[in-house]
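Trainee: Predicted model and sequence below, questions to follow.
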Amino acid sequence: MRTANGPKTTTRMKALTLLSIAAVVGGVAFGAGTAAAADARTTSANAGAQCLWAATAHPQGSTVTAGGQTFQCTTDRGAPYWRQGPAANRPSTVPNPGSYTNPTGLFSAGARQPGTEYNDYCVGGQLIEGNEDIYQAVADRSGKLYWKAAAPISQWVFDSGAARPGPSSRSASLCIDGNLT
């Protein structure tokens, strides 16, 4: 079919057709490359999810010793998680500052620390000192971390010369209707 412009229109249509084919083929290749790259990022992100212990990152599969227990860096529902292993008859390999503040950015879920004044709470008018328990970093449904009592402090093996959490500076007078004020 000839048009008023003759051979120029045919040449232009061939060029547009070739560009369209190149765009489709290039788009498929680009899309496949993008999908492969995204899959690699997802896989490496999960495989490389590092666990935090006292603000130090540890790679997946690594094992640390703390308080007479071993903990291995694993994942739980895609998030870094310290899985408690067997007892260890050796000193801690990581610092153990205690649960002195919110664990976010310092510890991954599963990590355990001796309780401190930070964990004090009230039962009625009685003050329960945080240093009486070991606390474990746990994640709520939204993924936010907090400390939860996990065991009595007698189960924590303190290294010789290691600082132990002292008594609370708070008193029962701060317990009002079961709330620490």
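Mentor: Perfect, I can see it now. The structure presented is a predicted model; accordingly, all values stated were derived computationally and were not measured. Residues are numbered from 1 along each chain as shown.

Trainee: okay, now G130: neighbour count?
Mentor: 24 (other C-beta atoms under 10 Å). Every C-beta, even on glycine, is put in place using the N, C-alpha and C of the backbone.

Trainee: Can you give me every residue that contacts it?
Mentor: 99, 115-121, 165, 168 (C-beta atoms under 8 Å, 6 or more residues apart in numbering).

Trainee: now the protein, which segments are flagged as low pLDDT?
Mentor: Confidence mapping of the chain against pLDDT under 70 gives the ranges 1-48.

Trainee: can you pull out the strands in it?
Mentor: 51-53, 56-58, 63-66, 69-76, 79-87, 112-114, 121-123, 126-128, 133-139, 145-152, 175-176, 179-180 (DSSP state E).

Trainee: C-alpha coordinates for the longest one, PDB please?
Mentor: The one in question is strand 79-87. In PDB, the C-alpha atoms belonging to strand 79-87 read as follows (Å, rounded to 0.1, in the frame of the first residue of the first chain):
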ATOM      1  CA  ALA A  79      13.900 -11.600  61.400                       C
ATOM      2  CA  PRO A  80      17.200 -12.100  63.100                       C
ATOM      3  CA  TYR A  81      16.800 -14.300  66.200                       C
ATOM      4  CA  TRP A  82      19.100 -15.700  68.900                       C
ATOM      5  CA  ARG A  83      18.200 -19.400  69.500                       C
ATOM      6  CA  GLN A  84      19.400 -20.600  72.900                       C
ATOM      7  CA  GLY A  85      21.600 -23.700  72.800                       C
ATOM      8  CA  PRO A  86      23.200 -25.900  75.300                       C
ATOM      9  CA  ALA A  87      24.900 -24.700  78.500                       C
END
